[in-house]
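*Asks:* Give me a 3D structure for the following:
(chains A and B)
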Amino acid sequence: MKKVININFQGTIVPIEESSYELLQQYIESLRRYFANEEGRDEIINDIESRISELFQERLKSGSTCITDDDVNLIIKNMGRPEDFEEAEKGENESEKNKTDDYSKKGENFFHDWSGKGKRLYRDENNKILGGVCSGIAAYFGIDPVIVRILFLVSGIGILAYIILWMFVPGSNMLENGVRKRLYRNPDRKIIGGVCSGIGSYFDVNPWLPRIIFLIPFISFFFRWGHFGPLTFPNFLSFSFSPGSFIIYIILWLVIPEASTTSEKLEMKGEKVDLNSIKNSVLKEMKDVGIRVGKMGQDVGEKVGKMGAEAGNFAKEKGADFGKEVHSAAYRSSGVLGNIITTIFKIFMYFILGCIALAIIIALFSIAIVAIGLFPLKNFVLTDGWQTVFAWGTLIFFIAVPVIGIITFIIRRFARVKSSNKLMRYSFIGLWVLGIVCFVSLITSVGRDFRSISSLSEQQIPLSNPTVKSLEVMPFQNLNYRRIGWFNLEPFGTFGSSEDTAFIGNVRIKIVKSPTDSFQLSIIKMSNGRSRRFADTLVSLINFNAQQNDSLLMLDRAITVNTTDKFRNQYVEVTIAVPVGHYIKLDKSFGYGNRVRYRVFTQDPDWYYNNDNTKDYDYHYDIQYIMKQDGLYTLDGERSDWRDDDDWNNNSTDFNNQATPGTNDNSGGYRYDKNNKIDSLKNIQDTQIRKMQAAVDSMKAAREKEMNRLKDSLNKAKEEINQKIEKLNKGTALRQNNCEQKIPDNYTFIMYI
Amino acid sequence: MNIDNTASQMRKGVLEFCILSIIKLGEAYPSDIIDMMKSANLNILEGTLYPLLTRLKNAEFLTYRWVESNSGPPRKYFSLTEKGAKFYEELEATWLELAGAVETITGKNK
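*Replies:* Numbers count the residues shown, from 1 in each chain, chains lettered A, B, ... in the order given. Reported below is the predicted structural model:
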């Protein structure tokens, strides 16, 4: 009793026994594989299928109710199995080989035979989750599909690669993954989900090793050396670990099945996947190579007439056996050895080329990402018309085309799809050349827009209260600046609500010493442009606000640029002149992306206006500074350096001596005596106590002195006041003009002294 | 040295020539070609014929047209192209030369 199914075979309905159907399918699959490297593969298969279909119809017309195993077997016998073809074609190959004495070419055949036979990349349709790509790759490399799936999931470009592989790799439902060991979660030794213990038993290591690897990011998070400390991980590691470890664990938990049955547990522990087994499989592979080499040797041997069947040391035996044809035998064997060397060399070359290709792909990908990140800003830089066209052309042809091209090429190599499709290659190259043209045009065109520089315009901004004692510089708070998401392009920031306005942090604040005794504020606006006049227009369009409120100086943090005027490296330099003895402090929100400036305009001497007398100082944000006669100091007395000063060392050597001048008088008393030998703990204690006492004494003395001084000054003041009162009494007695107002003035004046 | 191997090599060499000469007689369907060759006592597997025909077609020696068939899917009928005819003539010349030479040599030996 057999089940009969109806199949649509080459456009006709064929009733066929299920077992026969499978037989037929296997046969066609084997043909497909045999003709895999043939140019007209599909056509050949199609022709054969048509013929089989025709034979089926004949069979059905002759009265059979359905197609049976016998029918299929008969047809297969008539058509011939791939093995039979091989038999028949062997002679042809042989004769071809005899025709040519080019041994390197033979080596190429040998290489293809070796790597190509039986091993081709297919999508595994039996064990597929989505498209069977991962399980196909796993079967190709003989590893657990779960691992490949995880790698695809974790890596960023995995999805794209998956789709491309899905498109290009043929499917097969006859794949068998020979791996005997699989990755499972181990429920017996689990702590959370059994992921680590499962990984441990897969790689045959202690489960604590993966556990620790998973824990490292958490530890590093607590100790804060994950990102900047001396034990910094390489960036990509901390990227993948620190936020990812938890997520990766969850993914693994979801992806890896749990070993619940005994057979699964056995599979989990299965054959060791360690260095040894890798070595074994490599050795086996090498043995296969040896056998193939041996086979070639045999063929050669048959030609000549004598050849032992031994594979490994055939060259030696051949040398011994061929008394008469020593010459030709030696020639041939050296050729074979040469082939092996070429093969090994080729493997290395492929490896190196692979690395290079990978690097190029990664570079292109990052360029693509940067370009895509920049693209929202194109309206602020590019003019309409040709520049936009060039920008699109660059993005598509210069960046996207080679990325797709290289990926496709590699996958085709991987999948061993052979095609001499020159049209495709040339069109790829053609499109890329077009991309280069676009790129160059874009660069030159944009470059032309930046070519000229505006003429210099310095502008003094009058301050409402220039004699204020200290000045704190703050940004206007009415704008919420934020960076563009993850993409860190410094000079740009976007303003949340408007899409046609960008904010450029091209503002530089300089602090100089004021020649007068009042604060001064000057603003220099600069810009690039297509021409000087154009640049000057742009400069006049720069809207930069400054406003003083008592001790607060409000400045714009950025320059606005809109899509009509475009970004042409507009730049504002704010110079704050601080008079001697006055304080200045810059809010830290200025320190954010404001130092960036494209130095594309340095060619014009106008930019170096004469500022010899107004050297500006380096400063930190959020720290108050005081301007002294010889420079800018923090309140702790630390001197800041000249900006752009070459020999800053000279300036910074002597500030220690100037520090804390107020305590100089009393510091001598408790100085530690270097001649006093300390030889016991008691001594140390004693000296310590003595020192403390001395310190206390000196403090007492200082206090007394201070008190005396205060008393003195108070007495003095008292005397003065008494004198004043006397004078005043006299004055009121005489009823002269009032001069009361002056008295408190004088009083404070005295107190200051 | 294997006698089968040598024999199959000899057959192989003339296979294309035979196929082309059958097609030269007129439009031919693959199974017709097989039948004719069988009747001439030259057995080949059908499975080897299809790739051979496809290769010849891709080399532009052959062309085909579809003919509706009352038993199954439409059939491909092959015919020679001009290029194929030229190729056939060259092959024929070579064959005659070779056959003559072989004849002479083997005849002498007898």
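*Asks:* Nearest residue to the middle of chain B?
*Replies:* What sits nearest the mean C-alpha location of chain B, by CA atoms, centre = their mean, is B:Ile19, with 1.8 Å.
*Asks:* and it, helix, strand or coil?
*Replies:* helix (DSSP: H, G, I helix; E, B strand; the rest coil).
*Asks:* Identify the single longest helix in chain B, thanks.
*Replies:* For chain B, the longest helix by residue count, based on DSSP state H, is helix B:82-109.
*Asks:* in that helix, what counts as buried?
*Replies:* B:84, B:87-88, B:91 (16 or more other CB atoms under 10 Å in any protein chain shown). No exception for glycine: its C-beta is placed from N, CA and C like everyone else's.
*Asks:* Flag every residue of chain B that's near chain A.
*Replies:* Proximity of chain B to chain A, by CB under 8 Å from any CB of the partner chain, involves residues B:1-2, B:5-6, B:8-9, B:11-13, B:30-31, B:44-48, B:50-51, B:53-55, B:57-58, B:69, B:71-76.
*Asks:* In chain B, which residue sits nearest chain A?
*Replies:* Nearest to chain A in chain B, going by CB to the nearest CB, is B:Leu45, at a distance of 3.1 Å.
*Asks:* List the contacts of that residue.
*Replies:* Applying CB atoms under 8 Å, 6 or more residues apart in numbering or on different chains to B:Leu45 gives the contacts A:78-80, A:84-85, A:88.
*Asks:* quick one: which of those residues is nearest chain B?
*Replies:* Distances from chain B to the contacts of B:Leu45, taken by CB to the nearest CB, are shortest for A:Gly80, at 3.1 Å.
*Asks:* List the beta-bridge partners for the closest residue to A:Lys2 other than its chain neighbours.
*Replies:* Using CB to CB, 6 or more residues apart in numbering or on different chains and skipping residues adjacent in sequence, the residue nearest A:Lys2 is A:Glu17, 4.7 Å away. Beta bridges link A:Glu17 to A:Val4 when assigned by DSSP bridges.
*Asks:* ok, A:Glu17 touching A:Val4?
*Replies:* Yes - contact criterion CB atoms under 8 Å: A:Glu17 and A:Val4 qualify, at 5.6 Å.
*Asks:* Can you pull the poorly scored residue ranges out of chain B?
*Replies:* Residues of chain B that meet the criterion pLDDT under 70 lie in B:1-2, B:108-110.
*Asks:* Show me what secondary structure element comes after the stretch of helix or strand A:Leu553 belongs to.
*Replies:* Using DSSP states H and E, A:Leu553 falls within strand A:552-555. Counting by DSSP H and E, the element after strand A:552-555 in chain order, helix or strand, is strand A:559-562.
*Asks:* Paired strands for that next one, with orientation please.
*Replies:* Pairing partners of strand A:559-562, with direction, according to DSSP bridges: strand A:501-504 (antiparallel).
*Asks:* Let me know the average pLDDT across the partner strand.
*Replies:* Model confidence over strand A:501-504, given as mean pLDDT, is 66.
*Asks:* tell me what the following helix or strand past it is packed against?
*Replies:* Going down the chain from strand A:501-504, the next helix or strand is strand A:507-513, by DSSP H and E. Counting contacts by 3 or more CB pairs under 8 Å, 6 or more residues apart in numbering or on different chains; DSSP states H and E, strand A:507-513 is packed against strand A:571-578, strand A:583-586, strand A:631-634.
*Asks:* rank the ones you listed by mean pLDDT and give me the bottom one.
*Replies:* strand A:631-634 (a mean of 78).
*Asks:* List of residues touching that strand?
*Replies:* Contacts of strand A:631-634 (CB under 8 Å, 6+ apart): A:511, A:513, A:578, A:584, A:617, A:619, A:623-627, A:639-640, A:642, A:651.
*Asks:* What subset of those is buried?
*Replies:* Buried by 16+ other CB under 10 Å: A:511, A:513, A:578, A:584, A:617, A:619, A:625-627, A:639-640, out of these.
*Asks:* Report whether the helix or strand containing A:Gly430 contacts chain B.
*Replies:* A:Gly430 belongs to helix A:422-449 when assigned by DSSP H and E. No - Helix A:422-449 does not reach chain B (CB under 8 Å from any CB); its nearest approach is 14.6 Å.
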